[in-house]
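> build the 3D model from these lines:
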Amino acid sequence: MMLISCATYSQYAHSLRDGLLHGDPGTSLAIAEKKDPEHKEIVSSLEKGMLRRMTEDYSGSNKSFEIAKQEIEKLYGISVTENIASLTINDTFRGYEGGRFEQLLLHAFMAMNYIQLERLDDARVEMLQANIKMMEWGDEPDEDAFLRYLEGIIYENLNEEDNALISYRKALTVYKEKGGQQYPPIPDVLKKDLLRLLSENGLNSEFDKTKKELSMADYKPAVISSQFG
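The predicted model follows:
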């Protein structure tokens, strides 16, 4: 029975990937909808969320992600990263091994969808929920630079510059501590956003120090009104 189940999922995953490889996520979505029209499976809801995001149906994507998120909250132990990866990489269904970052990743995808929908307050809620989870865990989990940078962008566009600075600083710290291992070099966009915000808030000493640390002696901050249009 298990072999049949694995073979069936392998065929299903191949069908999904075929659509993606041909630049047609809509076809892959139709296959996913047919397999689980009522969102009874967590993995299926995750797949639909990703596929709807690929088709620019950001509202529908978040509806699927929300269903998955609620079930994950109940069950704990599903690896969002692994099962999203199975859509495009793996031939077989991967095990449920759980993980803290994987639980946070779903909030990030939902926040990015809300950004596309110009619902920044809702994107902020997703970041707050992620932070609440980290506090509830009780100890300090591994920080993720992308999550912190995304959080900073959302805060800044809601004119919460103090919070944005905290998030940008945390993102920079993660890149500096983990660069060359889990992370690529510090992105220029993060460097510039942090330096610009330091300058705009008159934090000249930190601005000069950070600019020197980042080897950006010639950098002059630009003034922007919004990063989302």
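> where in this protein is pLDDT low?
Counting by pLDDT under 70, the chain contains low-confidence ranges at 1-10, 36-40, 76-99, 138-142, 180-182, 223-229.
> how about a cut-off of 80?
1-24, 33-43, 73-103, 134-143, 179-183, 222-229 (pLDDT under 80).
> tell me the domain boundaries of the protein?
What automatic domain parsing lists as the domains of the chain is 1-141, 143-229.
> can I get those in a markdown table including mean neighbour count?
All C-beta atoms are positioned from the backbone trio N, CA, C, and that covers glycine. Below are the domains of the chain laid out as a markdown table (neighbours: other Cβ atoms under 10 Å):
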| stretch | mean neighbour count |
| --- | --- |
| domain 1-141 | 17 |
| domain 143-229 | 16 |
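> check contacts around the nearest residue to residue 65 once chain neighbours are set aside.
Excluding the flanking residues, the one nearest residue 65 by Cβ to Cβ, 6 or more residues apart in numbering is residue 49, at 4.0 Å. Taking Cβ atoms under 8 Å, 6 or more residues apart in numbering as the criterion, residue 49 is in contact with 61, 62, 64, 65, 68, 109.
> so the third one is in which element?
Element membership of residue 64, judged by DSSP states H and E, is helix 58-75.
> follow-up on the earlier one: ok, so of the contacts of residue 49, who is nearest residue 26?
residue 61 (13.2 Å; Cβ to Cβ).
> distance-wise, check the closest one relative to residue 153.
19 Å (Cβ to Cβ, to the nearest Å).
> give me the nearest residue to residue 75, chain neighbours excluded.
Leaving out its chain neighbours, residue 75 is closest to residue 42 (Cβ to Cβ, 6+ apart), at 7.5 Å.
> the one you found touches residue 70, doesn't it?
No - assessed by Cβ atoms under 8 Å, residue 42 is found out of contact with residue 70, at 9.5 Å.
> and the most centrally placed residue in the chain, what does it touch?
By Cα atoms, centre = their mean, the chain has its centre lying nearest to residue 108, at 3.2 Å. Residues near residue 108 by Cβ under 8 Å, 6+ apart: 126, 130, 146, 147, 150.
> closest to residue 170 out of those residues?
Proximity of the contacts of residue 108 to residue 170 (Cβ to Cβ) peaks at residue 147, which lies at 9.2 Å.
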